[in-house]
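Visitor: Next comes the sequence, and after it the predicted model I'd like to discuss.
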Amino acid sequence: MLVKRNLILIAIASLFLVFTNLLQAQDKFGLTPGADLKVSGTSTLHDWEMTSKGAAGDAKIVLNGNQIESLSALKVVLAVQSLKSGKNQMDGIAHETLKSDKYPEIRFELTEVKQITANTVKAAGNLTIAGTTRPVLMDVNYTVNGKNISFTGAKDIKFTDFKVDPPKAMFGTIKTGDELRLSLNASFKSVSPQVNQ
């Protein structure tokens with residue numbers, strides 16, 4: 001009986017040590033300045049694109065050499081009014097359409113990692129636009145350079161998925177298509193040293 005109890009205690013202690021080491025091995029990463037996030041679409045006049053370099057974000061990642069071993073958290077927040085097309089009128093219409101006064105941010109938060117390979121991550125998360133949150137699944141490519149991880153990827157969504165009417169201009173003569181493409185080209189940099197590999 002005593003031997004059995006000791007074996008159980010050893011097993012519990014071993015599990016605790018493994019769990020502690022995993023927690024210690026996680027690095028916290030921050031989104032580096034200048035991340036390139038784009039929203040693009042179509043209209044009856046021409047295709048359009050808006051870019052933001054005003055995003056902020058963080059992640060908890062375990063690296064194994066030049067590969068991601070695990071990704072336990074990731075969040076990116078983008079100010080709607082940081083999206084710019086280079087045309088003030090279009091920017092104003094887009095910001096109004098996305099209800100930036102009431103909902104000033106677009107947010108993505110990781111909920112589950114489906115798969116990690118040598119250069120891709122398939123992940124599920126919650127995307128919030130104009131106050132409406134929807135689950136999305138994304139395939140993102142990545143490269144690791146030391147303590148820097150670069151991500152590139154794209155996701156097709158629709159305005160109406162987020163209860164937003166596609167914008168119109170010139171008294172309705174110019175209409176934007178319902179389909180949107182969200183694209184990212186961003187890097188995360190380690191902001192906390194790994195205690196234990």
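Guide: Ah, there it is. Residues are numbered from 1 along each chain as shown.
Visitor: Please name the residues that touch residue 134.
Guide: Applying C-beta atoms under 8 Å, 6 or more residues apart in numbering, we find residue 134 in contact with 126, 127, 128, 157, 161, 162. For every residue, glycine as well, the C-beta is placed using N, CA and C.
Visitor: Spell out the residue ranges of the helices in the chain.
Guide: Residue ranges of the helices in the chain, as given by DSSP state H, are 2-25, 88-97.
Visitor: okay, the shortest one in CSV with CA atoms only?
Guide: Listed next in CSV are the C-alpha coordinates belonging to helix 88-97 (Å, rounded to 0.1, in the frame of the first residue of the first chain):
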residue,chain,number,x,y,z
ASN,A,88,-9.7,60.6,-47.7
GLN,A,89,-13.3,60.2,-49.0
MET,A,90,-13.0,56.4,-49.2
ASP,A,91,-11.4,56.2,-45.8
GLY,A,92,-14.3,58.2,-44.3
ILE,A,93,-16.9,55.9,-45.9
ALA,A,94,-15.0,52.8,-44.8
HIS,A,95,-14.6,53.9,-41.2
GLU,A,96,-18.3,54.9,-41.1
THR,A,97,-19.3,51.5,-42.6
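Visitor: What's opposite residue 36 in the beta bridge?
Guide: Under DSSP bridges, the beta-bridge partners of residue 36 are residue 185.
Visitor: That one and residue 98, how far apart?
Guide: 19 Å (C-beta to C-beta, to the nearest Å).
Visitor: The two - which one has more neighbours?
Guide: Neighbour count, other C-beta atoms under 10 Å: between residue 36 and residue 98, residue 98 has more, with 23 against 14.
Visitor: quick one, what contacts the more buried one?
Guide: Residues in contact with residue 98 (C-beta under 8 Å, 6+ apart) are 80, 106, 129, 130, 164.
Visitor: wait, which of these is closest to residue 72?
Guide: residue 106 (22.5 Å; C-beta to C-beta).
Visitor: So, low pLDDT: which residues of the protein?
Guide: For the chain, the stretches with pLDDT under 70 are 1-26, 44-45, 169-173, 192-197.
Visitor: try 50 this time
Guide: For the chain, applying pLDDT under 50 flags the ranges 3-4, 6-24, 171, 194-197.
Visitor: Okay, and which of the contacts of residue 134 map to strands?
Guide: The strands, defined by DSSP state E, take in 126, 127, 128, 157 from these.
Visitor: Just list the residues touching residue 161, thanks.
Guide: 132, 134.
Visitor: try residue 92
Guide: Contacts for residue 92 were tallied using C-beta under 8 Å, 6+ apart; there are none.
Visitor: and what of residue 37?
Guide: 51, 52, 53, 55, 76, 78, 182, 183, 184, 185, 186.
Visitor: Can you flag the buried ones in the residues you listed?
Guide: The neighbour count (16 or more other C-beta atoms under 10 Å) marks 51, 52, 55, 76, 78, 182, 184, 186 as buried among the contacts of residue 37.
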